[in-house]
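# Output the structure for:
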Amino acid sequence: MNEAGVSVSPQSYKCLFEKCGLMGSLSDGKLVHDWLRKTIKSPPEFLENDALQMYCDCGSLSDAQKMFDEMLHKNLVSWVIIISAYAQKGILKRAILMFSHMLESGIRPNSSIFTSLLKSLTEHSLLELGKQIHSYVIRTGMNSNVSIDTSIANMYVKCGWLEGAKLVFDRMADKNAVVWTGLMVGYTEDEKLEEVLELFAEMVRKSVEVDDFVFSIILKACAGLEDLIMGKQIHGYSVKLGLDSEVSVGTPLVDFYVKCANFESACRAFERIHEPNDVSWSAIISGYCQSGKFEECVKIFQSLICKGVTLNSFVYTSIFQACSAIADVNLGTQVHADAIKRGLVALLHGASAMITMYSKCGRLDYAYRAFESIGKPDTVAWTSIISGYAYHGNASEALRLFHRMQDSGVRPNSVTFIAVLTACSHSGLVTEGKQYLDSMSCVYDVEPTIDHYDCMIDVYSRAGLLQEALELIKSMPFEPDAMSWKSLLGGCWIHRNLELGKFAAENLLQLDPEDTASYIIMFNLHASSGKWEEAAVFRRMMAERDLRKEIGCSWITVKGEKHRFIVGDQHHPQIEQIYSKLKELSISFREAEDSLLTEEDVLNGFPERKEQLLEHSERLAIAFGLISTPSNVPIVVFKNIRACKDCHEFAKHVSVVTGRAIVVRDSSRFHNFELGECSCRDYW
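Predicted coordinates:
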């Protein structure tokens, strides 16, 4: 246009400034501004304001301030632009100073200036400044302006003064959806969830238009309260408005049902979402994990990867948890690699889940490497690695890490002390365990719960200090729960104390009459004392009450494929070679009449003892490992129930005969067998 001799109109300059501001192109904007100055000696005020806005949009407040100072005619729009720019950048002192200059120049502020200033006040430290602005608004008579009142209420919410926000809210004659939503957000963040429900009910009564954002807030409140009835009503209301299939409403619905442990409803809500996003998938995958459907969780994840669906770090955290549960280290390492490749390992919670996954899969070395990769581990990360060493029976390392945690300035929480006390329990550290329990509240400001006392009861019971355990049960500031008596009963079995065992079992069965371990222990305690008639009573009680726990199952992963075995398994394709290998291993068994029953024995109807010992699932898995893996690779077996003493001895014997390292994770802990020794030192 310039080369053609066509004059550039003011409207064209306006368009150019707007485009430069949108693009953030400061160099082009300066060029246009210089051109404007050369071609038009006295540009109209609106063009100068457009140029000023361009500098602010491009982030160059120094250029904006210079131009503002040079402007001969500053109108209200000019002041709004420069004050808003400083406020949006968080340069509040300068914004307030400019506001004062504007007042001194005799220009009366409008609502835009107040809303810009108020939006920038987002911390408690700025509350007094917000109150001063509010006071000025009242003095100037602008407090009846809906947009200003809304900004003031939201400012009080963000600065943490909900009482002030509610006062402003209550005095508003006309309330828009924004002010309703802002107050609901404030109550949600302050965990005043009942108030959120009351506000929503009032919105509905007053026919205030409800959007998808309101539904996301109210469903979050219902999830926090675990109020399934109210949540279902809100779900129905969203269906009535045709919003439940929108991802912004459907996803919070899924999350709500998952947190209320209603997985079927969560699935139905998920299926209604038209286009699920990464948050939707994260919510439903989390639901599969919480429902114990770990295999399905993994299958969904793998299908999403194949389809190229966009995922987030929370999905990977859930998959790490699933891999922990199914003890699949091969899948876990693949997921870990994929998460690194995509940059989706969440800095702390994802890394902590990884630590737990590797430790539960028997790779404590990988768990430690994952832990060391975290720059500044938080309480959860420290607790994860301490727990890993505790369950692997390495109490000295677990406690060393606990002291490192304190030295680093990270405070332990209640879960950390569960890990510490577990380490003491699995290693017989009675004195240390008592010291940690006693110091929790006075030194670490962590109030012990019944779970911590149960851990200490377990410490005493395993160590044979049964009277001390009983005294703790009687003197602790909580009513004993089933675990309290179960820990004592376990100690009575280990140390063959029939009388105290009877007392513990009586109390345990009152609290949990379906605990199969209680019947089995009492059978064995009576049998070990030669009281077979009394022992038979507990067998009959189990039969009468139809108590059948999950049958013992062991599994081992070879070349990426998981092989499962149950007691007496005959279905594996290589079962003949497996039994042949078992018979090769020379080991002396007790005579059947001298042996006590394991959980598997009782649950399988007392088959011939010698034969059943040979068929225990753990032995079948170990034998399969011997014939299927290289001799220099450890055999890693997982078991769903506690390892029996005979199989524990068998694994020790095999480690001597074959020279192989054997790792067994049962329901209680890890056992690392090498050259006839176990990491638990026969203390488990």
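# and the residue nearest the centre of the chain, what does it touch?
Centroid-nearest residue in the chain: residue 349, 6.7 Å away (criterion: C-alpha atoms, centre = their mean). Listed by C-beta atoms under 8 Å, 6 or more residues apart in numbering, the contact set of residue 349 reads 317, 380. (Each C-beta comes from the backbone N, C-alpha and C, glycine too.)
# please redo it, this time with the cut-off set to 6 Å
residue 317 (C-beta atoms under 6 Å, 6 or more residues apart in numbering).
# do the one 5 residues further on as well
Shown here is residue 354, whose contacts under the criterion C-beta under 6 Å, 6+ apart are 320, 370.
# Does it lie in a helix or a strand, and which?
Assigned by DSSP states H and E, residue 354 falls within helix 349-360.
# Give the buried residues for that helix.
By 16 or more other C-beta atoms under 10 Å, the buried positions in helix 349-360 come out as 349, 350, 351, 352, 353, 354, 355, 356, 357, 358, 359, 360.
# Check what pLDDT residue 586 gets.
At residue 586, the model reports a pLDDT of 59.
# Low-confidence stretches in the stretch 401-550 of the chain?
549-550 (pLDDT under 70).
# in it, which spans are helices?
Here the stretch 401-550 of the chain has its helices, by DSSP state H, counting those that start in this stretch, at 414-427, 430-444, 450-462, 466-475, 482-494, 498-511, 516-528, 532-544.
# quick one: the third one to helix 466-475, angle?
Right, helix 450-462. 160 degrees (axes from the mean of the first three to the mean of the last three C-alpha atoms, to 10 degrees).
# List the buried residues for helix 450-462?
Those buried within helix 450-462 under the rule 16+ other C-beta under 10 Å are 452, 453, 454, 455, 456, 457, 458, 459, 460, 461, 462.
# do the shortest one as well
By neighbour count, with 16+ other C-beta under 10 Å as the criterion, the buried positions of helix 466-475 are 466, 468, 469, 470, 472, 473.
# Quick one: list the elements packing against that helix.
helix 450-462, helix 482-494 (3 or more C-beta pairs under 6 Å, 6 or more residues apart in numbering; DSSP states H and E).
# lowest average confidence, helix or strand, in the chain?
helix 599-603 (a mean of 44; mean pLDDT, DSSP states H and E).
# close enough to count as contact, residue 301 and residue 318?
No. Counting by C-beta atoms under 6 Å, residue 301 stays clear of residue 318, with 8.2 Å between them.
# The two: which is more packed in?
residue 318 (26 against 23; other C-beta atoms under 10 Å).
# just checking, that one touches residue 289?
Yes. Counting by C-beta under 6 Å, residue 289 is a contact partner of residue 318 at 5.0 Å.
# now residue 382: how far from residue 412?
Distance, residue 382 to residue 412, by C-beta to C-beta, to the nearest Å: 7 Å.
# make that residue 41, sorry
Residue 41 is 73 Å from residue 412, by C-beta to C-beta.
# Of those two, give the one with the bigger neighbour count.
residue 412 (21 against 6).
# Could you check how many residues crowd around residue 638?
25.
# is it fair to say residue 47 lies in a helix?
Yes. Residue 47 forms part of a helix when assessed by DSSP: H, G, I helix; E, B strand; the rest coil.
# Just list the residues touching it, thanks.
Contacts for residue 47 (C-beta under 6 Å, 6+ apart) come out as 10, 13.
# Now do it, the pLDDT please.
92.
# just residue 350 next, same as before
76.
# Can you give me the neighbour number for the residue nearest to it when sequence neighbours are not counted?
With sequence-adjacent residues excluded and distances taken as C-beta to C-beta, 6 or more residues apart in numbering, residue 350 is closest to residue 317, at 4.7 Å. For residue 317, the neighbour count with other C-beta under 10 Å is 25.
# Check the one 10 residues further on too.
Applying other C-beta under 10 Å, we find 22 other residues in the vicinity of residue 327.
# phi, psi of it?
phi 50, psi 50 (degrees, to the nearest 10).
# how close does it sit to residue 362?
7 Å.
# And this protein, split by domain according to the record?
461-545, 553-589+610-678 (the TED database).
# what about the shortest one, start to end distance?
The separation between the terminal residues of domain 461-545, taken as C-alpha to C-alpha, to the nearest Å, is 29 Å.
# by contact count, what packs against the helix or strand where residue 202 lies?
Under the criterion of DSSP H and E, residue 202 resides in helix 193-205. Counting contacts by 3+ C-beta pairs under 6 Å, 6+ apart, helix 193-205 packs against helix 177-189, helix 212-225.
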